[in-house]
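Colleague: Quick one, structure for this:
(chains A, B, C and D)
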There are 2 protein chains.
Amino acid sequence: MSPRSGARSGVDGRKVRGEKRRAEIIEATLRVIERDGVAGVTHRTVASEAGIPTASTTYHFATLDELLIATLLTGAKDMATEVYWMIDHVRSHGRRAAAEIAALIAHALGPQRGRTMAEYELYLLAARRPSLRPAARRWLDVLTSMVRHDDEVAFRVFLAAIDGLLIQGLIDDESPRAADLEPVIAALLRSAGQSS
Amino acid sequence: MSPRSGARSGVDGRKVRGEKRRAEIIEATLRVIERDGVAGVTHRTVASEAGIPTASTTYHFATLDELLIATLLTGAKDMATEVYWMIDHVRSHGRRAAAEIAALIAHALGPQRGRTMAEYELYLLAARRPSLRPAARRWLDVLTSMVRHDDEVAFRVFLAAIDGLLIQGLIDDESPRAADLEPVIAALLRSAGQSS
DNA sequence: TGGATATTGGGACTATCGTTCAGGTAATTT
DNA sequence: AAATTACCTGAACGATAGTCCCAATATCCA
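Modeller: So this is what the prediction gives:
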């Protein structure tokens, strides 16, 4: 049985013992996805990555879907944080924003390449499984909610273009350099991002 | 053994008999991906979808990877054709382009939703497996090669934004309506697409 | 026509999968 | 301290996976 189904001793925050395991399992899952993709996620590979017995993963996450949902929810926060930084750069750095954002994208496609792939794989999984969609859409909603209403259209263009650049960058043999991305970002900001 | 590994009777183009089967198997694979995703692709599901015995798929495609590569190569042409239509609309319809493109995207996210998902799943698969990348990048290269050099930056913004809109549309509960997409496309064209 | 070869198709072998279960340990409450 | 409950874990079950093997068949060149 899942620890959430029964048995909470009194207050809510008392089941601290298992929460640490849950977090470890989720982190291990993310590492597995970075390395082998969503296809490589099994109870056994995750348990092995976390260095715990197999049955422990099935105890905290009754089904694989449940594990993936939790992983996506956890990852969504990180994704949102990343894009939030971009927006912050646009607002504070003004003209330098293009260079800053280009560097962030280059970083996501270079050193963080595995992580970026993992995020988009979970994203696509959400497209196919309705139960994952709220989790996947959350970070988009969060971002959208923090721009003024009259900028919503421009903001959507900005987000879509960033998504597209990241995805297209994933199938390049060598990671794109920030210098190559900068003119594209500049053109994007010139129309869509300047007023946000 | 794969038909390519041994046994060719003299010349190369003599193995016409099996080519039809190969095509059938690839088409069945694409249908399986549309319905169940890349994760649903197994020798057995593909064979069942094509109405042929299981061993026939392993005969023509020794490994599952080989089958996926062939499927991606076949599908790449269709994807390129679709985006080419969009560009054509921009050039010929002028001011109406936004509405036309919005309709195309709404169509890709509505009736063609399964197909669109399949394309992006194969796309992400290419990000993870270098052997698939040339096939995935081919259509992008083809598109990029047919715009003037001074428009390249604007064109990249355009393509990236389209990609992003499609992906984000995939995780919406109900497919976005063309009317909702049109202002976004219009804003995009206003800056990036008008000169291409 | 006859032999060589490409192709088909049914079945089977082995590995791994998700999930379950039963018995144990550690913490928490009374 | 006793009991209750969360938590842990090794083993196992049934299902399904990839791939292989071998006999049967269709096709083609000589």
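Colleague: Average pLDDT for stretch A:108-116, rounded please.
Modeller: The predicted model assigns stretch A:108-116 a mean pLDDT of 94.
Colleague: Go through that stretch and flag the buried ones.
Modeller: A:Ala108, A:Leu109, A:Gln112, A:Arg113, A:Gly114, A:Arg115, A:Thr116 (16 or more other CB atoms under 10 Å in any protein chain shown). In short, each C-beta sits where N, CA and C put it, glycine included.
Colleague: same deal with stretch A:44-52?
Modeller: In stretch A:44-52, counting by 16+ other CB under 10 Å, buried: A:Thr45, A:Val46, A:Ala47, A:Glu49, A:Ala50, A:Ile52.
Colleague: What is the nearest of the buried residues of stretch A:108-116 to DNA strand D?
Modeller: Of all the buried residues of stretch A:108-116, DNA strand D sits closest to A:Gly114, with 23.8 Å by CB to the nearest atom of the strand.
Colleague: Give me the neighbour count for the residue lying closest to A:Arg156 once chain neighbours are set aside.
Modeller: Nearest residue to A:Arg156 in three dimensions, chain neighbours excluded: B:Val184, at 5.1 Å (CB to CB, 6 or more residues apart in numbering or on different chains). Using other CB atoms under 10 Å in any protein chain shown, the number of residues around B:Val184 comes to 24.
Colleague: Check B:Val184 and give its pLDDT.
Modeller: 94.
Colleague: Next: A:Arg14.
Modeller: pLDDT, A:Arg14: 42.
Colleague: hmm, back to that, any chance of the buried residues of stretch A:108-116 in CSV, with secondary structure and distance to chain B too?
Modeller: Shown next, in CSV, are the buried residues of stretch A:108-116 (DSSP: H, G, I helix; E, B strand; the rest coil; distance: CB to the nearest CB, whole Å):
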residue, secondary structure, distance to chain B
A:Ala108, helix, 13
A:Leu109, helix, 10
A:Gln112, coil, 13
A:Arg113, helix, 9
A:Gly114, helix, 9
A:Arg115, helix, 12
A:Thr116, helix, 9
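Colleague: Kindly reformat these as TSV containing distance to DNA strand D.
Modeller: Output for the buried residues of stretch A:108-116, formatted as TSV (distance: CB to the nearest atom of the strand, whole Å):
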residue	distance to DNA strand D
A:Ala108	31
A:Leu109	30
A:Gln112	30
A:Arg113	26
A:Gly114	24
A:Arg115	27
A:Thr116	27
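Colleague: that older thread, for the helix or strand containing the residue nearest to A:Arg156, packing partners?
Modeller: In this structure, B:Val184 sits in helix B:178-188 according to DSSP states H and E. If you count contacts as 3 or more CB pairs under 8 Å, 6 or more residues apart in numbering or on different chains; DSSP states H and E, helix B:178-188 packs onto helix A:152-170, helix B:97-109, helix B:152-170.
Colleague: now the angle from the second one to helix B:152-170?
Modeller: Meaning helix B:97-109. 40 degrees (axes from the mean of the first three to the mean of the last three CA atoms, to 10 degrees).
Colleague: so does helix B:97-109 get close to chain A?
Modeller: No: shown here: helix B:97-109 not in contact with chain A (CB under 8 Å from any CB of the partner chain), separated by at least 10.0 Å.
Colleague: tilt between that helix and helix B:178-188?
Modeller: Interaxial angle, helix B:97-109 versus helix B:178-188 (the same axes, to 10 degrees): 130 degrees.
Colleague: For chain A, which helix extends over the most residues?
Modeller: Using DSSP state H to define each element, chain A has its longest helix at helix A:64-93.
Colleague: quick one, what contacts the residue in chain A that DNA strand C sits nearest to?
Modeller: Closest residue of chain A to DNA strand C, CB to the nearest atom of the strand: A:Thr42 (2.9 Å). A:Thr42 makes contacts with A:Leu64, as judged by CB atoms under 8 Å, 6 or more residues apart in numbering or on different chains.
Colleague: switch the cut-off to 10 Å
Modeller: By CB atoms under 10 Å, 6 or more residues apart in numbering or on different chains, the residues touching A:Thr42 are A:Val32, A:Asp36, A:Ser48, A:Thr54, A:Thr57, A:Leu64.
Colleague: so how far is A:Arg129 from it?
Modeller: 17 Å (CB to CB, to the nearest Å).
Colleague: who's in contact with stretch A:71-79?
Modeller: A:22-23, A:25-30, A:32-33, A:38, A:41, A:46, A:61, A:115-116, A:118-123, A:125-126, A:129, A:132-140, A:142-143.
Colleague: make it 8 Å
Modeller: A:26, A:29-30, A:33, A:118-119, A:122, A:125-126, A:132, A:135-136, A:138-139.
Colleague: touching chain B at all, stretch A:25-36?
Modeller: No: Stretch A:25-36 stays clear of chain B (CB under 8 Å from any CB), getting no nearer than 8.6 Å.
Colleague: Which positions in chain A make contact with chain B?
Modeller: Residues of chain A lying close to chain B (CB under 8 Å from any CB) are A:37-39, A:117, A:120-121, A:123-124, A:126-128, A:130, A:133, A:136-137, A:140, A:153-154, A:156-157, A:159-165, A:167-168, A:170-173, A:183-184, A:187-188, A:190-192.
Colleague: just the buried members of those?
Modeller: A:37-38, A:117, A:120-121, A:123-124, A:126-128, A:133, A:136-137, A:140, A:153-154, A:156-157, A:159-165, A:167-168, A:170-171, A:183-184, A:187-188, A:191-192.
Colleague: Between helix A:64-93 and the worst-scoring helix or strand of chain A on mean pLDDT, find me the angle.
Modeller: One helix or strand of chain A scores below all others by mean pLDDT, DSSP states H and E: helix A:133-145, with a mean of 79. Helix A:133-145 runs at 10 degrees relative to helix A:64-93, counting by the same axes, to 10 degrees.
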